[in-house]
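S.K.: only geometry, no sequence info:
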DNA sequence: TTGTCATTTCAGAAATTCCTGAACATATCG
DNA sequence: CGATATGTTCAGGAATTTCTGAAATGACAA
């Protein structure tokens, strides 16, 4: 690697990180290199820079294509395919979230739903059934939230994240406001006064 | 495995899912089994149920302990250690988030920060530097949000998630309200998106 | 102390994943 | 049409990870 030291460090780090996830070292390094590059890179150049075989790079790029994480483009006067990552980091994050969800979460939800259709027999099964119900509920909530925020434009998403836990305060305030205006507390079903 | 079929299916599924993450099949299956069990299980019983060697289970449990995902307890009249998962699924989710963050995100942020201290030389390095800046910003935002919502009690967290993208509407309303009251637009500071 | 049961460690076997080179496929140019 | 450049596939070797059995360690009761 005759890359600048900081680039090399980043590439190596991402290789390691990649191997902690499902993705392997090679693929992680390829992506890191593309991410930092100031121009689209052809496969053979990636192979040279990272010291991988050409075929390995080919397979890595294919995997990244399956993940929709890279863009392919042709440069004028060059027959080779060149690869880039999306310019916008948020775009990458969104794609990652979608793909991981598709591969990991959805199959789990399907399994849980299928199982929860059946009636449990005996104490042990009944308990397992309840556990799966709680798990299903939590996962549904999380993915539902994901779906929702995925629809927001970047700016709003960023605003929302910046607000962080303070949203809870806004919620409280909104609730109180609502309460004042309508004369009832929408978070309590029936207050003794109303009974 | 003489487990009920639905339990067996869940256990196998989690084994597969585990191996997509950094965690391995064995550890995933052990956790799934403990999660569904209606009572604390000792290591040898786990080994029998899943058909693993006793030593493998020992290593798996140790890994789960490092992740703080299981609790150890002693039952009266039994010398063996018994293991359970937290009762509350949200507790599990919180721990998972913390540990993944500690292992994957924090080291990345450190690397990025260290690199961003240095001054880039030449076009390529300057571009790489900018890319790392954007990445750092996105990751900081996401983890900052995580920190914030981790502080919320379960109830509020659930409420917030249920609200999902509709929070954006509340934000809009709050902004307009604020604008009207103070006569200025509080979002008109510098935006991070200039590169 | 000794004996028994429970747990951990670890060298190396087994399984899996990764990576390469060679062969093949495909395209474009002269 | 070759000749050359580019891209893919895949068998099998290399590297890594996982798993086991045997031995060591620890814990406790008698």
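M.R.: Noted; the coordinates are in hand. Given the structure is predicted, the values throughout are model-derived calculations rather than measurements.

S.K.: how about the residues of chain A by DNA strand C?
M.R.: A:19, A:24-26, A:51-56, A:59, A:79 (C-beta under 7 Å from any atom of the strand). Placement of C-beta: from N, CA and C, glycine included.

S.K.: can I get the buried part of those residues as one ChimeraX selection?
M.R.: Under the burial definition 16 or more other C-beta atoms under 10 Å in any protein chain shown, those of those that qualify are selected in ChimeraX by:
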select /A:25,26,52,56
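
S.K.: now residue A:112. Nearest residue, chain neighbours left out?
M.R.: Closest residue in space to residue A:112, ignoring its immediate chain neighbours: residue A:136 at 4.4 Å, by C-beta to C-beta, 6 or more residues apart in numbering or on different chains.

S.K.: also residue A:78?
M.R.: residue A:42 (7.4 Å).

S.K.: wait, isn't the one you found in contact with residue A:79?
M.R.: No - counting by C-beta atoms under 8 Å, residue A:42 stays clear of residue A:79, with 9.4 Å between them.

S.K.: quick check: neighbours shared by the two?
M.R.: Between them, residue A:42 and residue A:79 share no contacting residue under C-beta atoms under 8 Å, 6 or more residues apart in numbering or on different chains.

S.K.: filter the residues of chain A next to DNA strand C by proximity to DNA strand D?
M.R.: Contacts with DNA strand D within those, counted by C-beta under 7 Å from any atom of the strand: A:19, A:54-55, A:59, A:79.

S.K.: so can I have JSON lines of these showing secondary structure, pLDDT and distance to residue A:6?
M.R.: JSON lines is the format used below for those (DSSP: H, G, I helix; E, B strand; the rest coil; pLDDT from 0 to 100; distance: C-beta to C-beta, whole Å):
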{"residue": "A:19", "secondary structure": "helix", "pLDDT": "85", "distance to residue A:6": "21"}
{"residue": "A:54", "secondary structure": "helix", "pLDDT": "97", "distance to residue A:6": "26"}
{"residue": "A:55", "secondary structure": "helix", "pLDDT": "97", "distance to residue A:6": "29"}
{"residue": "A:59", "secondary structure": "helix", "pLDDT": "97", "distance to residue A:6": "27"}
{"residue": "A:79", "secondary structure": "coil", "pLDDT": "92", "distance to residue A:6": "32"}
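
S.K.: from the residues you listed, pick the one nearest residue A:180.
M.R.: Lowest distance from residue A:180 to those (C-beta to C-beta) belongs to residue A:19, with 55.4 Å.

S.K.: skip the chain neighbours and tell me the closest residue to the closest one.
M.R.: Using C-beta to C-beta, 6+ apart and skipping the chain neighbours, the partner closest in space to residue A:19 is residue A:25 (4.8 Å).

S.K.: residue contacts, that neighbour?
M.R.: Contacts of residue A:25 were listed using C-beta under 8 Å, 6+ apart, and they are A:15-16, A:18-19.

S.K.: just confirm residue A:15 is within a helix.
M.R.: Yes - counting by DSSP: H, G, I helix; E, B strand; the rest coil, residue A:15 is found in a helix.

S.K.: so which elements touch the longest helix that chain A contains?
M.R.: In terms of residue count, the longest helix belonging to chain A (DSSP state H) is helix A:122-150. Counting by 3 or more C-beta pairs under 8 Å, 6 or more residues apart in numbering or on different chains; DSSP states H and E, the packing neighbours recorded for helix A:122-150 are helix A:89-100, helix A:106-117, helix B:5-20, helix B:25-36, helix B:89-100, helix B:154-163.

S.K.: so for chain A, the centremost residue is which one?
M.R.: Most central in chain A under C-alpha atoms, centre = their mean is residue A:97, positioned 1.9 Å from the mean C-alpha point.

S.K.: is it true that that one touches residue A:147?
M.R.: No - under the criterion of C-beta under 8 Å, residue A:97 is not in contact with residue A:147, lying 10.1 Å apart.
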